[in-house]
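# Build the 3D model from these lines:
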Amino acid sequence: MSESTQQAPAGPGDGGRTDPLVQLSLEQLRQRSSLKWRTHPEDVLPLWVAEMDVPLAPSVADTLHRAVALGDTGYPHGTAYAEALAAFAATRWGWDGLRVENTALVPDVMLGVVEVLRLVTGPGDAVVVCSPVYPPFYAFVAHDGREVVEARLGPDLRIDLAALEDAFIRARRHGRRAAFLMSNPHNPTGVVHTRAELEAVAALARGHGVRVVSDEIHAPLVLPGAVFTPFLGVPGSENGFSLTSASKAWNLAGLKAAVAIAGTESADDLRRMPEEVGHGPSHLGILAHTAAFRDGADWLDELLLGLDANRSLLGELVKEHLPDVGYLPPQGTYLAWLDCTGLGLHDDRPTEGPGVVSDLAGPAKLFLDEARVALSSGHVFGSGGAGCVRLNFATSPAILREALTRMGGALAGLGRESSPGRGSGASTGEG
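Numbers count the residues shown, from 1 in each chain. Below is the predicted model of the structure:
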């Protein structure tokens, strides 16, 4: 690691940035005890799991300090979290349809997804996903006795409505109940679904008797140039559900709490959720997430400026160091989907069983072994993922530069002549 990376996250050419992504040094980050910074040895730059290299938002930190000082560490109570989320949704997304009485607290988004799916499907029923997609979609669904049915994304990495309809038909065969578990915005590609796309999804789901469950954990992280639309804000979504939290946007994964939201026609279903599910969220988590949605908008705006700058920087670095890798700049999240299939390092054979987030193969294994950069391996994201990697760019520009330089060096060391990245419709190096 270069001395500049060790001491100064913001390097030359970063325009005097002051956003949260340039406020912690590598030395400070290595003192963390969370999964991102402890899984690999200290010579590895971790750009894999969805944690951000930022300090806590002041409003969140103040809330937690105050609670600890008071010994306020008991059981959660009240609807402040849902109220803060409703106000945020109205201000940020222009959506005033979130009714607090149609919400439920859940331990986190994925456990909430499982509980909602239990309300509208049973063992042996089908859950449709658009692959490549967040690996726990496969694991949590399969472990709960549902069959995962894939609908591949299109070459542009967006929802392919024809493929989705075909998946709905297959899911409903033999009279099975079915749900569509949607990632909005989509993880790992960073695509932000348009209102028109969501309206088409709602219409297809209605037509085929499929219930939609929308994972909207990345919703606050929409970057300049795109607009987030809550699924429950489009016509036809009234019998659907969404789940969200402040976890990704304010880096609160270790403070467990999330909100499940029912459409107007699915509110009675949500009320059937077992009461004990609401015992899972942490009181401190609820306090932190409430503070984030209620008082953390200014900090979020600064973060989004930094992520936008890093998105552009990543495009430049891919063009310079990884010219044979496809990169379609994400519209949201802090996750970049890099198409390394042109490097010929992957195996197209399907894997057995649900993907495990920490599994490595193909280019991700090469970049860890030879560049000492940890990325998420594309094969665990389902069909269409093999040969790709997911890179978390919510880090300092200096760490990002160092990581891409190392990755380029690893490929150069192979002495390999790669064909141009085929990129699933991705352009290379655009910011």
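# Could you use CA atoms for every contact and neighbour count after this?
Fine.
# Go ahead and confirm V277 touches P107.
Yes. V277 sits in contact with P107 when judged by Cα atoms under 8 Å, with a separation of 7.3 Å.
# what's the distance between A171 and T121?
According to Cα to Cα, to the nearest Å, A171 and T121 sit 11 Å apart.
# Those two: which is more packed in?
Using other Cα atoms under 10 Å as the criterion, A171 and T121 rank with A171 on top: 25 against 18.
# a strand runs through H289, doesn't it?
No. Under the criterion used here (DSSP: H, G, I helix; E, B strand; the rest coil), H289 is helix, not part of a strand.
# Just the pLDDT for it.
Model confidence at H289, given as pLDDT, is 98.
# my guess is it meets A80, correct?
No. Using Cα under 8 Å, H289 is not in contact with A80; the gap is 9.8 Å.
# These two - which one has more neighbours?
More crowded of H289 and A80, by other Cα under 10 Å: H289, with 30 against 16.
# list the contacts for the closest residue to that one other than its chain neighbours?
Leaving aside its sequence neighbours, H289 sits nearest to A246 (Cα to Cα, 6 or more residues apart in numbering; 5.3 Å). Taking Cα atoms under 8 Å, 6 or more residues apart in numbering, we find A246 in contact with 217, 252, 258, 289, 292-293.
# residues contacting F137?
110, 129, 181.
# for those residues, which one is nearest D324?
V129 (29.1 Å; Cα to Cα).
# Please tell me how far the closest one sits from A260.
V129 is 19 Å from A260, where distance means Cα to Cα.
# Could I get the full set of helices for the stretch 201-350 of the chain?
267-271, 283-295, 297-321 (DSSP state H, counting those that start in this stretch).
# quick one: pLDDT of the residue nearest the centre of the chain?
The centroid of the chain falls nearest to N187 when counting by Cα atoms, centre = their mean (4.5 Å). Looking at N187, its pLDDT is 98.
# ok, now how distant is it from L345?
Taken as Cα to Cα, the span from N187 to L345 is 23 Å.
# now G94
In terms of Cα to Cα, G94 sits 45 Å off from L345.
# Also T333?
Distance of T333 to L345, given as Cα to Cα: 27 Å.
# Pick out whichever of the two has more residues nearby.
T333 (30 against 17).
# Over to that one: give its phi and psi.
Dihedral pair for T333: phi 70, psi -180, per degrees, to the nearest 10.
# I'd say it and L221 touch.
Yes. The criterion here is Cα under 8 Å, and T333 meets it with L221 at 5.0 Å.
# Could you check how many residues crowd around A412?
Per other Cα under 10 Å, the neighbour tally for A412 reads 13.
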